[in-house]
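J.: okay, sequence plus prediction incoming.
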Amino acid sequence: MTVQQSPSEIALRTPLDTGLTFTPARAETGLAPCVALIGCDGSGKSTLARDLVTLLDRRAPTRSVYLGLGTGDLGRRIGEMPVIGAFAERFLTGKAKKAHDNPEKRLPGLGTAMAMFGLSLVRRRRFQQALALRRQGVTVITDRYPQAEVPGSFDGPGLSWLRRGTPAVERLAQRERQLYRDMAAYRPSVVIRLNVDVDTAIARKADHERALLEKKIAVVPTLRFAGAQIVDVDATRPYGEVLESVLAVLRRHGIEA
């Protein structure tokens, strides 16, 4: 378990043409702690969020908030529907893959872009709920956390501001980028980065595509989360050991179970 390098150290080795951005932290006092659990699918974020809430809530009010989109699970549920399910699932899967394509490809059409922007609005509503809890003195454990550094999903903007498209869709991409920058400016108290290899992720999430998991595993270590302290945890170990490691991290940040 290692602590992430400082933002200044990272900035010295980050290429300027990658499209990554560093969002200054928003200055706001009076917020309760926020623990962000991030990592590839299959790293144990959801299980940890549930168990941490159970343990921490004994001392202080604690809630979990899911800050992902859940589009993968939605697509799988739709796929189980009779008659139209398989077709609808293929359509959604195709749209999701386009979000991860290289920046040389054009932005999608207005209809698809509006749907993707709508999903980002859903994420913002969940984020606002988490922020409201923190303002009420409730410790928040988040499953995922929005970032404004890497476009094309990965809990960031779905519409890449690096791509070209129609003027209307480009404007929508810029609006979405600002939406994520506004959320990312609220820095978590600590980010727990749960690391797994692709074989472990596939073993735990057999219905996921290996190539997409590999992309997520590659992108997660590059995210800065506005300079929040990031602690790496080896999530390939038995779950009990992972939970104890995370609790030890939280104790060092004054969050006791």
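T.: Cool, got the structure. Residues are numbered from 1 along each chain as shown.
J.: buried residues in the host helix or strand of residue 232?
T.: Using DSSP states H and E, residue 232 maps to strand 230-234. For strand 230-234, the neighbour count (16 or more other Cβ atoms under 10 Å) marks 230, 231, 232, 233 as buried. Where you see a C-beta, it was placed from the backbone N, CA and C, and this is true even at glycine.
J.: Throw the residues you listed into TSV and include pLDDT and distance to residue 120, thanks.
T.: Below are the buried residues of strand 230-234 laid out as TSV (pLDDT from 0 to 100; distance: Cβ to Cβ, whole Å):
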residue	pLDDT	distance to residue 120
230	97	23
231	98	27
232	98	28
233	98	28
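J.: tell me the mean pLDDT for the next helix or strand after the strand holding residue 232?
T.: Taking DSSP H and E as the definition, the helix or strand that follows strand 230-234 towards the C-terminus is helix 239-252. Per-residue pLDDT values over helix 239-252 give a mean of 97.
J.: go on, stretch 168-175?
T.: pLDDT averaged over stretch 168-175 gives 94.
J.: so which residues of the protein form helices?
T.: For the chain, the helices defined by DSSP state H cover 7-12, 45-56, 71-79, 85-98, 110-135, 167-184, 198-204, 210-219, 239-252.
J.: for those, which one sits closest to residue 149?
T.: helix 167-184 (7.7 Å; Cβ to Cβ).
J.: for the closest one, C-alpha coordinates in CSV please.
T.: Taking C-alpha atoms only, helix 167-184 is exported to CSV below (Å, rounded to 0.1, in the frame of the first residue of the first chain):
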residue,chain,number,x,y,z
PRO,A,167,-21.3,23.0,-33.6
ALA,A,168,-24.2,22.0,-31.4
VAL,A,169,-22.6,18.8,-30.2
GLU,A,170,-19.2,20.5,-29.6
ARG,A,171,-21.0,23.1,-27.5
LEU,A,172,-22.7,20.3,-25.6
ALA,A,173,-19.3,18.6,-25.0
GLN,A,174,-17.9,21.8,-23.6
ARG,A,175,-20.9,22.2,-21.3
GLU,A,176,-20.5,18.6,-20.1
ARG,A,177,-16.8,19.2,-19.5
GLN,A,178,-17.6,22.2,-17.3
LEU,A,179,-20.1,20.1,-15.4
TYR,A,180,-17.4,17.6,-14.5
ARG,A,181,-14.9,20.3,-13.7
ASP,A,182,-17.4,21.8,-11.2
MET,A,183,-17.9,18.4,-9.5
ALA,A,184,-14.2,17.4,-9.5
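J.: buried ones in it?
T.: 169, 170, 172, 173, 176, 177, 179, 180, 181, 183, 184.
J.: what's the answer for stretch 205-222, then?
T.: In stretch 205-222, counting by 16+ other Cβ under 10 Å, buried: 205, 208, 212, 213, 215, 216, 217, 219, 220.
J.: who's in contact with the first one?
T.: When the contact criterion is Cβ atoms under 8 Å, 6 or more residues apart in numbering, the partners of residue 205 are 41, 42, 213.
J.: JSON lines for those residues, including pLDDT and distance to residue 193?
T.: Shown next, in JSON lines, are these (pLDDT from 0 to 100; distance: Cβ to Cβ, whole Å):
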{"residue": "41", "pLDDT": "94", "distance to residue 193": "14"}
{"residue": "42", "pLDDT": "95", "distance to residue 193": "14"}
{"residue": "213", "pLDDT": "93", "distance to residue 193": "16"}
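J.: a markdown table for those, including distance to residue 257?
T.: As requested, these are exported to a markdown table (distance: Cβ to Cβ, whole Å):
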| residue | distance to residue 257 |
| --- | --- |
| 41 | 26 |
| 42 | 25 |
| 213 | 31 |
